[in-house]
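Visitor: Structure for the following, please:
(3 chains)
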Amino acid sequence: MGILKVRNLNKNFGGLKALNEINLDVEEGTVHAIIGPNGAGKSTLLNTFVGRLVPDTGEVNFDDQPLLNRQPYEINQMGVCRVFQTPEIFGELSLLDNVMIPTFAKRDGSFVLNGWGRMDRETDVNDQAEHVLEDVGLADQRNELANSLSRGDKRRLELAMCLVQAPRLLLLDEPTAGMSRADTNNTIDLLKRIGERGITKIVIEHDMHVVFSLAEKISVMAQGAVIVEGAPDEIKGDPKVQEAYLGGAHL
Amino acid sequence: MDVIILQVLNGLDKGSAYALIALGLTLIFGTLGVVNFAHGALFMLGAFCAVTLNRFLTLSHQVVDPSRTDFLGNPLKVEVRYIEEWLGPEIGGAIIDWSVPLSILLAIPVMALIGLAMERGLIKHFYKRPHADQILVTFGLAIVLQQIVKYFYGANPIATPAPEAFTGSFDFGVLLGFEPFSIIYPYWRLVYFCFAIVIIAAVFAFLRFTTFGMVVRAGMADRETVGLLGINIGRRFTVMFAIAAIVAGLAGVMYTPIVAPNYNMGMNFLVLSFVVVVVGGMGSLPGAVAAGFLLGILESFASMSAVIDLVPGINQVIIYLVAIIVLLVRPRGLMGRKGVMED
Amino acid sequence: MLGLSRKDTTLLLIVLALVVLAPFLLNPFPEDSELARFNAGYPDLMQRFVIFGIFAMGFNILFGLTGYLSFGHAAFLGVGSYAGVWMMKLLTVNVVPAIIASVAVAGVFSLLIGYICLRRSGIYFSILTLAFAQMSFALAYSVLTPITAGETGLQLSLNDPRILGSSAVDGTIPATNFFGIAMRDGFEWAVGGWKFTFNFGYYLCAVIMLIAFYISIRIFRSPFGAMLRAVKSNQQRMNYTGINPKPYTLAAFVISGMYAGLAGGLMVAVDPLAGADRMFWTASGEVVLMTILGGAGTLVGPLLGAGVIKYFENIFSRLNEADLNQMFSGLPDGLQSAMVTVAQMFVGDGWLLTLGVMFMAVVIFLPGGIVEGGQRVAGWFRRKSGTEKSGKAAPAASAAE
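Guide: Take a look at the predicted model:
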């Protein structure tokens, strides 16, 4: 079953074709990687999924519901969550609060004026948040401010903020960029573990080590278009991919 | 028709002041990214440059005039102004008469110094702070400047007359073929409008045709890139701040014959000038100028008795009303670039 | 207690104690002593402390938590005042309906204005609020004169209907009261050289302030409060987390508008006169300053800020040249006159200069306000005593901070 269907998506920035007739099918429960050189339109594509960018033409359907022309918060409520390239977290809040807020969002829907409760007495939300923080290995720092974390840890925190919502589709924009090899491997392990929960994932990644350890299907983008699509083994040997990467040094 | 022309003319002088202040505000905002709530105080300081010069020129001492006597038959003591004593009553009198335009010469260096001191001493440290902090610290500075002026000059407005040659009014009606006295317009307001146009043209020409101006404009568009080119953009921005201060100051100098200055005149203009900047588009110089004149003229139309009868109170709120509508319908203002502080 | 954590309960109790004992604490100097001019324990000033405390507390819920800087909050206070006086003109001089009406009217008014202004953020929001407040001010002076009485200000008169009370008592306008206890009533207590005044109006305001403070603590600790902090921290993330920040911010705006209305209602409860100058933008600036000075985003900060500013306003604006000469009389002659000349700029009418300097100093040197200053000093002392006890404890303590 395709959970995400993209049909004939186009987006022009001035004269630049950022997205050119994109078609994409993501199967439920799989890890789908999107790779391609810088400027290929990968992040632009993700932006259209979460309501940050409206494409010129085309359709994006999630679970047979159209995603376009919806507010970002509505899209999230449908079960799509995104981890950004530069971590978007609540820097001035504690880690625990950072994770509790998405939990409330998931539990309460759009708007609940709970001005009389107490953060530390919302036990169910608290437990869920603590649990997820343990999953990503940040439980010990739960009372520290999110801004004090290292970049890698911020990324992990953002992942936790998504995981606690138990999304159906998780969008990861270069989850390991700028991480050490050890951190990268930790993140791969983490993503594999949450893979067991049946969350569909779309991963944008430059690091081929990550891509080939995780992905079940790979789409290669270049200059705004999907040029090749297939299983990791098929992609590895494809000459078009090597050409797109200028000699394929990465492979 | 003549009524319409009259209202347009009436709006021009206030519009000129709005345009000049808004020009400086948006220059500072566009180049330095600072929201300067003390800009109205700079306008006020300019006006007080004129007051100060006038005071100096009219300094006098008492001399006994042996040729005249008072009603008791004693020799009459008369006040003699030093400047008339030194340069003779003709030249001295003329200098005093022309004290307001002469104040421009005083105001340029004084305002430049104040601008430099403000930027180097205070504003510089706030580039990286949030806008709220910038608003607050410049707001505090405005209060301080106002109170200092109030301490030295008192709270009452101080009249500073225009040169005698400009005291009359000009009959536009005759010129345009209407009834005599249907459109009369004080000469000085005409002078003020022309002065404003000259200043605005000078600022635009400076930004357009000098290398300095080009760098500044490039910096307004993309500060980081210009910085990367190895150009010391910081120093140029300091100069821009001084120029904005001079523009505001000169606007104040020449405004003194229209409205007698007092210490809080700047604040009234500031609030309105911010509205003007927002309507024109944050960071857009032509927008600020256009919106300044536009709102000045609108305000003058709204003060017509026919309009007030129709919509009571409209003259008090018209500018705010326009600002609210513009902000809601077209948040980047009339000519603002997309994306400037639009979030 | 009351659903608060132990720390918050302590805080509430400290504020309670300070407020109840204020007539003593603010009058530390004997009546006829030199220093009596620094006493602040008289009803009018104490009322202002708590009323402006409420105003700043409400403003802090908006600015401190969400980061939206409103420059027009005085409009809500002004509207609340007018509503309050009208209740006392039409219904009764009992202050309860007046206070309820001022909160309600300010709430509706802020909902309306907040809905429009919150469509923009940052400096645009500030200017929109400023524009609305200035508009209200201008209208109150001109077109709305039948409702606001324009420049003279809205006040009670003998011809008011007061359908639930009486228009006149013994030929005079009845005094504002709380179920029969007049606001201006109170008693004095003289002990030795000291004289303490206990005023009913003050205690009513104080009780309401404590309730408002309690509500503000609850909001700060609630999930709603966390949402507001999240608005300030990162609206983008909120959106991508499935939360529309608008209703939360609007709710904060309305709550803070109601606090402002409450403050306006209490002002007319103790002194039934409402003027448009309360809505002028300088009044909005003052509440911003109170909040910043005390510490935006902290619980007690706004209270402290309001107290400090109202105290200094009162003391500084009353000092005159003679007082200054007396204060500096110990100095040599030349120095004395120099000091007096300089100090004179800052007192009396020049009090606003002091205010401006304070404003700048706080923003430049102490962005976290008095509360942060206090924490710094406390931390400094803790570290110092730590080093004296054992050299090793100090680095650990500083690392934890």
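
Visitor: how is chain A carved up into domains?
Guide: Following automatic domain parsing, chain A resolves into domains at A:1-79+A:168-251, A:94-166.

Visitor: Make a markdown table out of those and add distance to C:L130.
Guide: Just so you know, the C-beta spots here come from the backbone N, C-alpha and C atoms, and that holds for glycine as well. Supplementary listing: the domains of chain A in a markdown table, determined by distance: least, Cβ to Cβ, whole Å:
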| stretch | distance to C:L130 |
| --- | --- |
| domain A:1-79+A:168-251 | 29 |
| domain A:94-166 | 27 |
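
Visitor: most packed of these?
Guide: Burial of the domains of chain A is given as mean neighbour count (mean count of other Cβ atoms under 10 Å in any protein chain shown); domain A:94-166 ranks first at a mean of 19.

Visitor: does chain C sit close to that one?
Guide: Yes - shown here: domain A:94-166 in contact with chain C (Cβ under 8 Å from any Cβ of the partner chain) through A:97, A:100-102, A:104-106, A:110-120, A:122, A:125, A:161, A:165.

Visitor: Can you flag the weakest of the domains of chain A by average pLDDT?
Guide: Here these differ in mean pLDDT, and the lowest is domain A:1-79+A:168-251 at a mean of 86.

Visitor: Any residue of that domain touching chain B?
Guide: No - counting by Cβ under 8 Å from any Cβ, chain B has no neighbours in domain A:1-79+A:168-251; the shortest distance is 13.0 Å.

Visitor: ok now that domain, how far from the chain's centre?
Guide: The chain centre lies 9 Å from the centre of domain A:1-79+A:168-251; the measure is Cα atoms, centre = their mean, to the nearest Å.

Visitor: Can you tell me the closest non-neighbouring residue to the residue nearest the centre of chain C?
Guide: Nearest to the mean C-alpha position of chain C, by Cα atoms, centre = their mean, lies C:F52 at 2.1 Å. Spatial nearest neighbour of C:F52, excluding adjacent residues (Cβ to Cβ, 6 or more residues apart in numbering or on different chains): C:A306 at 4.0 Å.

Visitor: For the helix or strand hosting the one you found, give me every contacting residue.
Guide: Per DSSP states H and E: C:A306 is located in helix C:301-318. Contacts to helix C:301-318, defined as Cβ atoms under 8 Å, 6 or more residues apart in numbering or on different chains, come from residues C:15, C:37-38, C:40, C:45, C:48-49, C:52-53, C:55-57, C:59-60, C:64, C:213, C:286, C:289-296, C:346-349, C:351, C:354-355, C:358, C:369-371.

Visitor: Also stretch A:162-172?
Guide: With contact meaning Cβ under 8 Å, 6+ apart, stretch A:162-172 is reached by A:3-4, A:26, A:28, A:46, A:49-50, A:62-63, A:76, A:79-83, A:99, A:102-103, A:105-106, A:128-129, A:132, A:135-136, A:159, A:191, A:194, A:197, A:199-205, C:241-242.

Visitor: where along the chain do the strands fall?
Guide: Since you didn't name a chain, this refers to chain A. Counting by DSSP state E, chain A has strands at residues A:2-13, A:16-27, A:31-35, A:57-62, A:65-66, A:80-83, A:169-173, A:200-204, A:217-222, A:225-230.

Visitor: Switch to chain C, please.
Guide: Ranges of strands within chain C are C:154-155, C:177-178, C:181-182, C:186-191, C:194-199, C:273-274, based on DSSP E.

Visitor: Among these, which comes closest to C:G334?
Guide: The closest of these to C:G334 is strand C:194-199. By Cβ to Cβ, the value is 38.1 Å.

Visitor: Next, the angle from the closest one to strand C:186-191.
Guide: 160 degrees (axes from the mean of the first three to the mean of the last three Cα atoms, to 10 degrees).

Visitor: List the neighbouring strands of strand C:194-199 plus their orientation.
Guide: Here strand C:194-199 is paired, per DSSP bridges, with strand C:186-191 (antiparallel).

Visitor: ok, back up a step: quick check: the residue nearest to C:F52 vs chain B, distance?
Guide: 17 Å (Cβ to the nearest Cβ, to the nearest Å).

Visitor: measure that residue to C:W281 for me?
Guide: Here the distance between C:A306 and C:W281 works out to 18 Å (Cβ to Cβ, to the nearest Å).

Visitor: Between these two, which is the more surrounded one?
Guide: Between C:A306 and C:W281, C:A306 has the larger neighbour count (other Cβ atoms under 10 Å in any protein chain shown), namely 29 against 21.

Visitor: before we move on, back to that, make a markdown table from the strands of chain C and add distance to B:R208 and mean pLDDT to it.
Guide: Output for those, formatted as a markdown table (distance: least, Cβ to Cβ, whole Å; pLDDT from 0 to 100):
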| stretch | distance to B:R208 | mean pLDDT |
| --- | --- | --- |
| strand C:154-155 | 55 | 92 |
| strand C:177-178 | 68 | 92 |
| strand C:181-182 | 71 | 90 |
| strand C:186-191 | 70 | 88 |
| strand C:194-199 | 67 | 90 |
| strand C:273-274 | 53 | 92 |
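
Visitor: Quick check: which of these is nearest to B:M44?
Guide: Of all the strands of chain C, strand C:273-274 sits nearest to B:M44, with 30.6 Å by Cβ to Cβ.

Visitor: Check which helices and strands the closest one is in contact with.
Guide: Judged by 3 or more Cβ pairs under 8 Å, 6 or more residues apart in numbering or on different chains; DSSP states H and E, the packing partners of strand C:273-274 are helix C:74-90, strand C:154-155, helix C:245-270.

Visitor: Lowest average confidence across these, which one?
Guide: Lowest mean pLDDT within those: strand C:154-155, a mean of 92.

Visitor: Name the residues that touch that strand?
Guide: Strand C:154-155 is contacted from outside by C:81-82, C:85-86, C:147-149, C:272-275, using Cβ under 8 Å, 6+ apart.

Visitor: That strand pairs with which strands?
Guide: If you go by DSSP bridges, strand C:154-155 pairs up with strand C:273-274 (antiparallel).

Visitor: now the strand it pairs with, how far from the centre of its chain.
Guide: With Cα atoms, centre = their mean as the basis, strand C:273-274 stands 18 Å off its chain's centre.

Visitor: Stretch C:360-375 too?
Guide: Distance of stretch C:360-375 from the chain centroid (Cα atoms, centre = their mean) equals 18 Å.

Visitor: Which of the residues in that stretch are classified as buried?
Guide: Buried positions in stretch C:360-375, judged by neighbour count with 16 or more other Cβ atoms under 10 Å in any protein chain shown: C:360, C:362-364, C:366-372, C:374.

Visitor: So which of the residues you listed is the closest to A:K240?
Guide: C:P367 (55.7 Å).

Visitor: residues in the stretch 51-200 of chain C within reach of chain B, list them.
Guide: Near chain B, when you scan the stretch 51-200 of chain C using Cβ under 8 Å from any Cβ, you find C:67, C:69, C:116, C:119-124, C:126-128, C:130-132, C:134-135, C:138-139, C:141-144.

Visitor: Buried only: go through the residues you listed for me.
Guide: Burial by neighbour count, 16+ other Cβ under 10 Å: within these this picks out C:67, C:69, C:120-124, C:126-128, C:130-132, C:134-135, C:138-139, C:141-144.

Visitor: What about those, which are in helices?
Guide: Members of those lying in helices (criterion: DSSP state H): C:122-124, C:126-128, C:130-132, C:134-135, C:138-139, C:141.

Visitor: would CSV of those residues with pLDDT and distance to B:L176 be doable?
Guide: Formatted as CSV, those follow (pLDDT from 0 to 100; distance: Cβ to Cβ, whole Å):
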residue, pLDDT, distance to B:L176
C:G122, 82, 46
C:I123, 81, 43
C:Y124, 82, 41
C:S126, 87, 43
C:I127, 83, 38
C:L128, 86, 40
C:L130, 87, 40
C:A131, 85, 36
C:F132, 89, 40
C:Q134, 86, 36
C:M135, 88, 36
C:A138, 87, 34
C:L139, 89, 37
C:Y141, 86, 37
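
Visitor: And the residue of chain A found nearest chain C, how far from A:V50?
Guide: Per Cβ to the nearest Cβ, A:N76 is where chain A lies closest to chain C, at 3.5 Å. Using Cβ to Cβ, A:N76 is found at 8 Å from A:V50.
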